[in-house]
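**Q** Dropping the sequence and predicted coords here.
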Amino acid sequence: MRGIAAILAAAVAVALGLTVPAELTFDRTQLVLREQDGLTAVSLGHCVSAWEVGAPAVPIAVAQLVMPQDMKVTGLTVDAVETETIPCASAVYPVQPPRVISDPELPASVSPDPKYYGSVYPAEVATNGHQGSTFGYNIASVFVAPVQYDGTSKLLVFHRRVRLTLHLVPADLGYLRPGNRSAEAVRRIEAQIASIVLNPQDIAACAP
């Protein structure tokens, strides 16, 4: 029965071009700009920092969504963005090399790399991340840049709201199917999945 359902889902996806929408909002009051070594350090809420050494260390949001079973994310489009431009007194502080905890010496400081500071960084508001199985659920991640830095004009571009669409195709992802679960186990797992994804309303429909 599961196989028939998967075949039907795949057929519908091929015919209709399956997509999953997502929307992220960011709180302007959580955007913090501070001086660091004569440059501007930027942070925003629980976002992580960009990771390309020498690039502007702008905040990056890692969003996760639950996808239909046997569907692979092939790309995404940014449908709408609400944007505010913020003057920046100095260049954004660059990403520094990672520190090895066991090494007592700090790595040498890295200056802004011109290849990143000569244009808008990151170039894309959103990009695909990792896709994998969590308790049998098909979870896809997306990297969203709520703040971009234009090094030519020293402007921060803050995106208050970002709407995007993930595009899917049928695929054998090779995930292991979970065994039988009690109702209580299903409830606990669904609660855990709901706590990490942007689209908890789709959990039941995307169950393994």
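**A** Arrived safely.
**Q** Just grab the bridge partners of the residue nearest the centre of the chain for me.
**A** With distances taken as Cα atoms, centre = their mean, residue 143 lies nearest the centre of the chain, 2.4 Å away. Here residue 143 shows beta-bridge partners residue 62, residue 127, assigned using DSSP bridges.
**Q** residues of stretch 95-115 that come out buried?
**A** 95, 112-113 (16 or more other Cβ atoms under 10 Å). To be clear about C-beta, it is placed using only N, CA and C from the backbone, and glycine gets the same treatment.
**Q** Serialize these to TSV and add fields for pLDDT and secondary structure.
**A** Listed next are those as TSV, based on pLDDT from 0 to 100; DSSP: H, G, I helix; E, B strand; the rest coil:
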residue	pLDDT	secondary structure
95	98	coil
112	97	coil
113	98	coil
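**Q** So which of these is the closest to residue 69?
**A** Of all the buried residues of stretch 95-115, residue 69 sits closest to residue 95, with 36.7 Å by Cβ to Cβ.
**Q** Residue 62 versus the residue nearest to the centre of the chain, what's the distance?
**A** Distance, residue 143 to residue 62, by Cβ to Cβ, to the nearest Å: 6 Å.
**Q** again with residue 42
**A** Separation of residue 42 from residue 62 (Cβ to Cβ): 17 Å.
**Q** So the two - more neighbours on which side?
**A** A count of neighbours by other Cβ atoms under 10 Å puts residue 42 above the other of residue 42 and residue 62, at 25 against 13.
**Q** Hmm, that one is touching residue 157, no?
**A** No - assessed by Cβ atoms under 8 Å, residue 42 is found out of contact with residue 157, at 11.5 Å.
**Q** overlap in contacts of those two?
**A** Shared contacts of residue 42 and residue 157 (Cβ atoms under 8 Å, 6 or more residues apart in numbering): 147, 149.
**Q** Look up how far residue 199 lies from residue 167.
**A** As judged by Cβ to Cβ, residue 167 and residue 199 stand 15 Å apart.
**Q** whoops, residue 208 was the one
**A** Here residue 208 is placed at a distance of 16 Å from residue 199 (Cβ to Cβ).
**Q** Over to residue 157?
**A** Remark: distance between residue 157 and residue 199 (Cβ to Cβ) = 26 Å.
**Q** what's the answer for residue 125, then?
**A** To residue 199, residue 125 is 19 Å away according to Cβ to Cβ.
**Q** Buried ones in stretch 25-43, by neighbour count?
**A** Neighbour counts using 16+ other Cβ under 10 Å place 26, 31, 33, 39-40, 42-43 of stretch 25-43 among the buried residues.
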